[in-house]
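Peer 1: pasting the sequence and the predicted coordinates here, then a few questions.
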Amino acid sequence: MEPTGEITLVHIQAALESLYNDPNPQNKDAAQKWLIKAQRDKSAWNWCFQDHAYSVEVQYFGANVLHYKIANCWSEIPQEQIADLRQTLMETVFRYANGPKIVLTRTCVALAALVLHLVTGFWDTAVNDIIHTLKNVEFAGASMVQKFIALLEILTVLPEELQTSRLDKARRRDVRVGLTKGAEQVLALLLQILTDASSDICAKEKALKCLASWLVLELPPDMTTNHVALCFDFIRQPELFEVSVEGILASLNSAHTHAYPQSIEAVFPKVLALDPLLNEAIKNQDQESLLGISKIVCALCEHHTRLLLAKIEPFGAQLIQMVLKITSFPLQYPTEEAASPISFSFWYSLQDEFDTMDNMRQQNWGRFIHTLFFTLVDKLVVKCKHPDMSKWSAEEKEQYRVYRIDVSDTLMYIFNLLGPGMLQFLVDILVRQCNQMPNYDWGIVESLLFCFYSIVESCDAEGDFMIPVVNILPKLDMTNQYLAETCMYTVGALAEWLTFRTEYLPVLLPIVIPGLRDQSLALTAVLTLKRITRECRFCDCFTKGTLSIELVVAMRDALHIGHLKGQESGWLVQSIGHVLSALPEDECLKQLELVIARYVMRVEQICQQQPTQQNRAALIEDISLLSHLQSTLDRAKQDNAGKVIIENQRPAALVLEKMIPLLKEVLKRYFEDVETIQVVTNFFDKSIKTMLDHATVFVTPITELLVQITPNSSPIVDLIQQIISVFSDVKQPECHKLLQCISCHLQHLTKAGGLPHNPDIVSSALDLYSNLIRKNTQFILTALPPIEGMSMIEHAGKLCHSGLYFCEPPVVKAAISVLTEASRQASLQEMITHFGQAWLLALMDNITGNAGRQLMDFIADGLFALSKPNVTVFAQWMNFWKNERIKKFEAVNGKESEAQRNHFIQSLIRERTNKRKVREICSQFSLLARGLHGVS
């Protein structure tokens, strides 16, 4: 919609009609854009006050526009018209006092925005004047009731507008001080409304909302004592319960209440008096009342824990018991109550308070605190008893899952206080429960195991109390899915302990293995085996006997069933690799052949077929699984002295030997598919990282394979970097060939203009050159030239220069890394002399606007590096940049003066030995050059 001429309310009405009711989305979009333009137009000051004869939508839009103009376009108002604006706005508020409610609220928000502008100077008595005007001045068509409704609405939104406004810290403080000048009159008015017998429920509700809003302004508690006391009285009235809770919470959560301990102490008995209400809410399963009262009790105890302990008698202990009652509601979370998690943060605060006590006080309080927390642990065990979730919604199940995580975190924190005695406490309860077999309460047992493994997996727990748990686990009912899952997690949590007690592995693994065949338990079983096989891979149980072979067969069969997801299959294959690595060599190779045969055969079959999407997906899946296998098929182990011993890497070599000819064929058929190339390079990368020096024999065939394909993706470049890093000494010709392959491709991209379209390749190549310059400078110096007439060093320097002009941060960082490493090498001073000035000009272009400000520290580090080799030459380069800046840019867009440029250069040279100072200097000059001086 694009009406011509003056913007009128008729146009506004038509645009809103189109926005809300037009079925054509293009018309809706045009109407919205036009309304935004109308809102910003200066004529809006006139028509936004004249909309009372139009529809509610127009009135609401007008009120929104009024707030927008006052909040964001204040400079458009002449000083002499501010008083008229204030008067007109007050009249507008009264006009809407009787509705519509949404228009009244937005108009009051506009008036609040006006007060925020004026309360610190032009109208410092704003709050008092508003109260006086609305109480005493007659407005046509506004009754006394309507005036009081409007007054309470204005007073409510005033502090809210301050909280949501975008004011800086100092201005916000000044405005808050200006508002609190009128706090006394506001509180007096609210007290009058709340205590007046003629005030109806609606008036009291609005007054309590207003009180809660003003309490956020950090008013002294002694000013609001009577008001808070009334909130505790009104909380017993269902209609006023919610607003009363808001008022009480606002008074308790204020940051400065610690300075008024007597006022807070006076609240203790009032909160304790809510205990009967809490009991009644538990009985009636009244979730709203439970939540409100719990918030009050927990806010008081959490924010004033020190005072609570200082006044443990007569009120402190009772309040702590109230929190304990909230934690352990005899109701099911989240279907019957949603308040118990609120109490968890209090137990953190209480423990922190105890930890900060001196030794003498800790001795005095120790018995009380420890007894309390052991009671808490007992309550949490009961609270975590697994419910029947068959009729729960997905959202309720997710809430319960998060609740259990919160309980787990709380238990881990409590363990820091109670130590191993807490685990022994849980084990004792578990033993007592299981002594009743087969009539034990599976829910309590599952809860105990959950609490137990939550602690064990996050701490270095040791002791014989683990043994009863290990002995109990095989006796439990594994047909119960919830109990079976928790048992498996418990076994996984014991993985580190099992490295020292390997005799229990044959007892515990049969609990986990059947879960591989059950789709609902497969993930838990896979994760458990992943932890155990990683921690216990070279234990006697795996290196000797039949347990490891049985485990490999079970995991292999689970893979072949096909019910595992991609990531689950990868984790399980890693576990197979760990177990195979521990077997004697002949047995390892035998079992390995059985594991990989299926995947090698399938890759071979696919290589003989035409490329299809289905074949591509199968290839990616199979090669990825073999990559996971190679990552853990490592026969390196430690002897008794802790020295790493690697006799050979024949298992990984066997896989690599079988796969190289097949992967060569794969790359021929899928050379344009980035994902396929990525999984192939990842396979080689994992193989080389596992085998290291033992992979030397495979470098030549891998090199031939890589040279035949264009290094057109970063994974290929990264693999080449890996090969060069490991084998550059023993396989120098092959490594030179790989380096030349990358350089030729980059030169081709440069000539074709494709370099900017391949930032990932450029970034990986620059990382390669930086790594070579840092670790193996001689290798890059003796490398064959990628193109006749250009040395490798010259190629790297040009690529670095190009990389400095990229928009992508990783490329710029990699380029700066190259020049930084080059500046540190004495053998590369010729490279610095040749490219230094060009690099510096690129860095300065970045500082003056070519790069994002998030890169300033890296760019400053580049300048810092270039200043190191020869400060005289560096000064000449900087002066050359200054002259170029004057010549090319100053006339068009230079924001900084010549004096500022000179000061920048001098400061840079003076502080060239201090990296932090160089960063600060570059950051400040960057702001100057961009016209952003004074912006943080």
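Peer 2: Now that the structure is in, tell me what you want to look at.
Peer 1: flag every buried residue along stretch 204-219.
Peer 2: Buried residues in stretch 204-219, counted by 16 or more other CB atoms under 10 Å: 204-217, 219. Just so you know, the C-beta spots here come from the backbone N, C-alpha and C atoms, and that holds for glycine as well.
Peer 1: cool, stretch 836-855 as well?
Peer 2: For stretch 836-855, a neighbour-count test (16+ other CB under 10 Å) marks 836-837, 839-851, 855 as buried.
Peer 1: how close does Thr486 get to Gly443?
Peer 2: Taking CB to CB, to the nearest Å as the measure, Thr486 and Gly443 are separated by 11 Å.
Peer 1: brain fart, Ile320
Peer 2: Noted for Ile320: a distance of 28 Å to Gly443, by CB to CB.
Peer 1: for Ile816, same thing?
Peer 2: Here the criterion is CB to CB. By it, Ile816 lies 60 Å from Gly443.
Peer 1: so if I had to pick from those two, which one is more boxed in?
Peer 2: Set Ile816 next to Gly443 and count neighbours by other CB atoms under 10 Å: Ile816 wins out with 27 against 17.
Peer 1: which element is the residue positioned nearest the centre of the chain on?
Peer 2: Computing the C-alpha centroid of the chain and ranking residues by CA atoms, centre = their mean puts Val402 first, at 16.3 Å. Take DSSP states H and E as the rule and Val402 turns out to sit in helix 394-418.
Peer 1: list the buried residues for that helix?
Peer 2: Using 16+ other CB under 10 Å, the residues of helix 394-418 that count as buried are 396, 399-400, 403-404, 407-408, 410-411, 414-415, 417-418.
Peer 1: would you map the helices across the stretch 451-600 of the chain?
Peer 2: Secondary structure of the stretch 451-600 of the chain (DSSP state H, counting those that start in this stretch): helices located at 466-472, 481-493, 495-498, 505-512, 522-535, 540-543, 547-561, 566-582, 585-607.
Peer 1: er, the stretch 651-800 of the chain actually
Peer 2: Under DSSP H, counting those that start in this stretch, the stretch 651-800 of the chain gives helices at 674-691, 699-708, 714-727, 732-752, 759-775, 777-781, 792-803.
Peer 1: would you turn these into JSON lines with distance to Met90?
Peer 2: Below are those laid out as JSON lines (distance: least, CB to CB, whole Å):
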{"stretch": "helix 674-691", "distance to Met90": "66"}
{"stretch": "helix 699-708", "distance to Met90": "79"}
{"stretch": "helix 714-727", "distance to Met90": "65"}
{"stretch": "helix 732-752", "distance to Met90": "69"}
{"stretch": "helix 759-775", "distance to Met90": "59"}
{"stretch": "helix 777-781", "distance to Met90": "78"}
{"stretch": "helix 792-803", "distance to Met90": "63"}
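Peer 1: looking at the buried residues of helix 394-418, spot the one nearest Val157.
Peer 2: Looking at those and their distance to Val157, the nearest is Gln399, at 33.3 Å (CB to CB).
Peer 1: surely the closest one touches Gln332?
Peer 2: No: contact status for Gln399 versus Gln332: not in contact, 11.3 Å apart, counting by CB atoms under 8 Å.
Peer 1: show me what contacts Glu161?
Peer 2: Contacts for Glu161 were tallied using CB atoms under 8 Å, 6 or more residues apart in numbering; they are 109, 112-113, 115-116.
Peer 1: and if we set it to 10 Å?
Peer 2: Under the criterion of CB atoms under 10 Å, 6 or more residues apart in numbering, the neighbours of Glu161 are 67, 71, 108-116, 175, 179, 213.
Peer 1: farthest-separated two in the buried residues of stretch 836-855?
Peer 2: Maximum pairwise distance among the buried residues of stretch 836-855 (CB to CB): 21.9 Å, between Gly836 and Gly849.
Peer 1: let me see the backbone angles for Thr125.
Peer 2: Comment: the main-chain dihedrals of Thr125 come out as phi -110, psi 30, following degrees, to the nearest 10.
Peer 1: thinking again about what came up before, buried ones in the helix or strand that the helix holding Val402 is followed by, by neighbour count?
Peer 2: Using DSSP H and E, the helix or strand that follows helix 394-418 towards the C-terminus is helix 420-434. Using 16+ other CB under 10 Å as the test for burial, helix 420-434 gives 422-423, 425-427, 429-430, 433-434.
Peer 1: quick one: contacts for the residue lying closest to Val717 once chain neighbours are set aside?
Peer 2: Leaving aside its sequence neighbours, Val717 sits nearest to Ser764 (CB to CB, 6 or more residues apart in numbering; 3.8 Å). By CB under 10 Å, 6+ apart, the contact set of Ser764 is 711, 713-721, 742, 758, 810-811, 814.
Peer 1: let's see that with 7 Å instead.
Peer 2: Residues touching Ser764, when contacts are defined by CB atoms under 7 Å, 6 or more residues apart in numbering, comprise 714, 717-718.
Peer 1: turn those residues into CSV, including distance to Ile36 and neighbour count.
Peer 2: Supplementary listing: the contacts of Ser764 in CSV, determined by distance: CB to CB, whole Å; neighbours: other CB atoms under 10 Å:
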residue, distance to Ile36, neighbour count
Ser714, 43, 21
Val717, 47, 26
Asp718, 47, 19
